[in-house]
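>>> Curious how this folds, go ahead:
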Amino acid sequence: MAAAKTGIKNQHNAELKVFDQDKYKQGWCRLLKMAGIKTSSGDYIDNSWELRIFVEEMGEEAEPVVLRVTGELHIGGVMLKVVEKIGRAHNWSDHALWWEQKRQWLLKTNWALDKYGVLADAILHFTPQHKPVILSLPNQRSLRIRVSFSSTTFSACAEVCKVLGIRNPEELSFLRAPEERGKKKKKDKDTVTQEIFDLTYLQPITDSATQMIQGGVPSHFTSPEAQESYRALSVSQTGITPEDIQKRYKPITVTDKTLVHGRWLNSSKCLLQQGIQEGDRLWLQFKYYTFYDVDPKFDTVRINLLFEQARWAVLLEETECTEEEMMRFAALQYHVNKLSVTCDPMSLPQDPALQDLDEALSHLEVKLEASTPSEALDGIQMEPDLQDNLRVFRPRKMTLKGYKPNWVQLKSTNLSCYKSKEEARGEPLIMLSLKGCDVVPEVNIASQKFCIKLVVPSPEGMNEVYLRCDNEQQYARWMAGCRLAAKGRTLGDPSYDDEVKSILSFLSIQKSSNQTSNSLATDSTNMHALVSPRYQKKLKPKQLTPRILEAYQNIAQLSLVDAKLRFIQAWQSLPDFGLSYFVVRFKGARKDEILGIASNRLIRIDLSVGDVVKTWMYSNMKQWNVNWDIRQVSIEFTENINVAFTCVSAPCKVVHEYIGGYIFMSTRGKDGGSKGLNEELFHKLTGGHEAL
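Residues are numbered from 1 along each chain as shown. Down below sits the predicted model:
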């Protein structure tokens, strides 16, 4: 009896074991079938799996498209399957796949899913590569324009500049719009009421032939619906009020000026990788202050945006200037505003010298003509120079000495100072090579001060020499000669005479006119809208209006484009022009300091005092590296000078881009005038290979 019970129990356990094995086998087969692997029923192994893809056109709440794919399927095949499954007639040519978890575009359509590393847990989005954003321009205008979200920011900016008709797009870049804390309601109200020009119908231009500019206007802006948008780009805003200036954020300290640079986008990453979404607001600004090949015939929009960025830099005192210089800027603004009211950008006049071919050829003939071969030979052998009595001052520490009369000679690119004319054949007291130096004007017409400040680089830092002239004519000759020498040119350069005339014309702006025409002041012009808030408080309208109109007398005959160019040139002549500031911590230092980056040098500034501690020229730079782990920039100069610092106010990548970007800008035009963009070189110099 016991044996029978034992046999029944063993048989029951065996039946249970068989049942459990069958159940386990059935469940495993279901899993294998879901994964696409061959089951016991005879299905073949195909290594397929399910891939979920969200399609933007189907809406945010729509379910994803589910595809059964293998790792060998290429990206182009995936997109084709998605389109076939949607079954909707639509232009899908601009669409691509975005991998959300990896924050990466899958743009190489011939690559397989396995090569990209895409697995079943990947969340992909089938979305357009070009999407509209709101673009704020330097002239306070806003555009709705299509921007590439899949290419690098450098390429996306260049694409936008092609649409807007802006040459040399490497000088510009995108910034994030500043956040206004505690002013959300006001911000939303302003955004709604602000006029936005819609340019989404303009497609990016890839064919250079279609971008030929006809009469100063890009060809795709000639249609009637696009002309109003082109006017917003090329004509200055005239309705600025003092309240508009006071509402804008004004940087008070150098530290305040560093805040803007933390908003620059990474040029080597795409917009989507940096969190920019469709409909977001971006700023388009000139990032690098080296404006190459500015031509009034082709750069109408570029010149206007440059003028507007310069205007706001002056009005908000981002670039500091004296009271007399502010009056000069106000007069130029007044003239530009008057001409902009009646300006028709679709019919801007061309250069008169180019309208008559015979006249252009005659100019060329005069330049090439020589009376006799001997005279031509003498002209080649006799290199012109400048020699005159000037007062020279060389500032040194712990000295109270002022200007001393010297016999000064400028020959080729070298400046020599002697005690007198009789000693000019001996050893000079001072001898400097002006090539690559900074030439800063320091002029005050009222006090008859005509000074030239020369900042000459040296291995130990910077040498400063001041030359003081007696009158305008002498100043114009020496200023023109020093500027040419700084560019590596001699006094025999054909542009010397034009440079002298330009300087004399520029000085005439600062002259006071004996007769002030009060009839020029119109009731609609608020003179306080032409100066910064500091001078709005300091000068009453009765004091301000005559001073602006006096300076206006000397520029009243300028054309609109010439007035804008004159304003830009005056902006470039300011001592603080082109400086971008960053808060950094130098290696070995115990406190933060300011690093100023210009087009040709780096400046170390004491944060507490504001004094310049050290200056290093790019021309003396041997190499620079970035330690991305500790975010430290290290630079090696000649004479075994090493500098290292970490960035505080902005990402390390931004500082790296500025240094490499300016070095990239210096290479333009050195291959015989080539103006083509070399994006690969730009990214190489700016650290584009680093994914920060």
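>>> Please make it C-alpha for all contacts and neighbour counts, starting now.
OK.
>>> for the stretch 351-500 of the chain, which spans come out with low pLDDT?
Scanning the stretch 351-500 of the chain for pLDDT under 70 picks out 351-382, 396-401, 459-461.
>>> go with 90
Regions of the stretch 351-500 of the chain meeting the criterion pLDDT under 90 cover residues 351-385, 393-404, 412-413, 419-433, 435-450, 453-465, 483-484, 486-495, 497-500.
>>> same deal with the stretch 1-150 of the chain?
Applying pLDDT under 90 to the stretch 1-150 of the chain flags the ranges 1-48, 56-62, 87-91, 139-140.
>>> all strands of it, in order?
49-55, 65-69, 95-99, 104-106, 123-128, 130-136, 142-148 (DSSP state E, counting those that start in this stretch).
>>> most tightly surrounded among those strands?
Looking across the strands of the stretch 1-150 of the chain with neighbours counted as mean count of other C-alpha atoms under 10 Å, the highest average goes to strand 142-148: a mean of 23.
>>> okay, the angle between it and strand 130-136?
Orientation of strand 142-148 against strand 130-136 (axes from the mean of the first three to the mean of the last three C-alpha atoms, to 10 degrees) gives an angle of 150 degrees.
>>> Rounded mean pLDDT for the helix or strand just after strand 142-148, please.
Using DSSP states H and E, the next helix or strand after strand 142-148 towards the C-terminus is helix 153-164. Confidence for helix 153-164, expressed as mean pLDDT, is 93.
>>> quick revisit: just send the strands of the stretch 1-150 of the chain back as JSON lines, with distance to residue 602 too.
JSON lines is the format used below for the strands of the stretch 1-150 of the chain (distance: least, C-alpha to C-alpha, whole Å):
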{"stretch": "strand 49-55", "distance to residue 602": "48"}
{"stretch": "strand 65-69", "distance to residue 602": "54"}
{"stretch": "strand 95-99", "distance to residue 602": "40"}
{"stretch": "strand 104-106", "distance to residue 602": "35"}
{"stretch": "strand 123-128", "distance to residue 602": "42"}
{"stretch": "strand 130-136", "distance to residue 602": "30"}
{"stretch": "strand 142-148", "distance to residue 602": "33"}
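>>> For residue 314, which of those strands is the nearest?
Closest to residue 314 of the strands of the stretch 1-150 of the chain is strand 130-136 (C-alpha to C-alpha; 18.9 Å).
>>> May I have the strands that pair with the closest one, each with its orientation?
For strand 130-136, the paired strands and their directions (DSSP bridges) read strand 142-148 (antiparallel), strand 281-286 (parallel).
>>> what's the closest of those strands to residue 73?
Across the strands paired with strand 130-136, the minimum distance to residue 73, taken as C-alpha to C-alpha, is reached by strand 142-148, at 26.5 Å.
>>> Dead centre of this structure: give me the residue that sits there.
The centroid of the chain falls nearest to residue 287 when counting by C-alpha atoms, centre = their mean (2.2 Å).
>>> Dihedrals phi and psi, it?
phi -90, psi -40 (degrees, to the nearest 10).
>>> so what's it up against?
Residues counted as contacts of residue 287 (C-alpha atoms under 8 Å, 6 or more residues apart in numbering) are 171-173.
>>> Return the subset of those residues lying in strands.
The strands in this structure, assigned by DSSP state E, contain 172-173 from these.
>>> before we move on, back to that, save the strands paired with strand 130-136 as JSON lines, and put in distance to residue 136 too.
Putting the strands paired with strand 130-136 into JSON lines (distance: least, C-alpha to C-alpha, whole Å) gives the following:
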{"stretch": "strand 142-148", "distance to residue 136": "5"}
{"stretch": "strand 281-286", "distance to residue 136": "5"}
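>>> Indicate which one of those strands is closest to residue 649.
Of all the strands paired with strand 130-136, it is strand 281-286 that lies closest to residue 649, at 19.4 Å by C-alpha to C-alpha.
>>> After the closest one, which helix or strand is next?
The first helix or strand that comes after strand 281-286 along the chain, using DSSP H and E, is helix 300-315.
>>> how about low-confidence regions in the stretch 151-300 of the chain?
Under the criterion of pLDDT under 90, the regions of the stretch 151-300 of the chain flagged as low confidence span 165, 178-196, 201-241, 244, 246-257, 259-262, 293, 295-298.
>>> hmm, 50 instead?
Residues of the stretch 151-300 of the chain that meet the criterion pLDDT under 50 lie in 181-193, 208-210.
>>> ok so, going back, let me know which of the strands of the stretch 1-150 of the chain is the nearest to residue 269.
strand 104-106 (10.1 Å).
>>> And for residue 390, the neighbour number?
By the other C-alpha atoms under 10 Å criterion, the neighbourhood of residue 390 contains 22 residues.
>>> hang on, it is in a strand, isn't it?
Yes - when classified by DSSP: H, G, I helix; E, B strand; the rest coil, residue 390 is found to be part of a strand.
>>> In contact with it, which residues?
Taking C-alpha under 8 Å, 6+ apart, one finds 405-408, 467-470 in contact with residue 390.
>>> how close does the residue nearest to the centre of the chain sit to residue 256?
When C-alpha to C-alpha, to the nearest Å is the yardstick, residue 287 and residue 256 sit 17 Å from each other.
>>> Confirm for me that residue 109 is in contact with residue 75.
Yes - at 4.6 Å, residue 109 counts as touching residue 75 under the criterion of C-alpha atoms under 8 Å.
>>> Which one's more surrounded, these two?
More neighbours surround residue 75 than the other of residue 109 and residue 75, with 20 against 15 (other C-alpha under 10 Å).
>>> Could I get the contacting residues of the more buried one?
With contacts defined as C-alpha under 8 Å, 6+ apart, residue 75 is in contact with 106-113.
>>> now residue 562, what's its secondary structure?
Assigned by three-state DSSP, the conformation of residue 562 is helix.
>>> Now for it, how many residues are close by?
When counting by other C-alpha under 10 Å, one arrives at 15 neighbours for residue 562.
>>> Same question for residue 590.
Neighbours of residue 590 under the rule other C-alpha under 10 Å: 8.
>>> ok, it to residue 406 distance?
As defined by C-alpha to C-alpha, residue 590 lies at a distance of 44 Å from residue 406.
>>> Next: residue 545.
Summarising the geometry, the distance separating residue 545 from residue 406, computed by C-alpha to C-alpha, is 42 Å.
>>> next one: residue 604
Using C-alpha to C-alpha, one obtains 32 Å as the distance from residue 604 to residue 406.
>>> Any chance of the backbone angles for the nearest residue to residue 48 once chain neighbours are set aside?
Nearest in space to residue 48, with sequence neighbours left out and distances taken as C-alpha to C-alpha, 6 or more residues apart in numbering, is residue 70 at 4.4 Å. The phi/psi pair for residue 70 (degrees, to the nearest 10) reads phi -120, psi 160.
>>> isn't residue 70 right next to residue 51, touching?
No - contact criterion C-alpha under 8 Å: residue 70 and residue 51 do not qualify, at 9.2 Å.
>>> picking up where we left off before, in ChimeraX, how would I select the buried members of the contacts of residue 75?
The following ChimeraX line selects those of the contacts of residue 75 that are buried, judged by 16 or more other C-alpha atoms under 10 Å:
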select :106,107,111,112,113
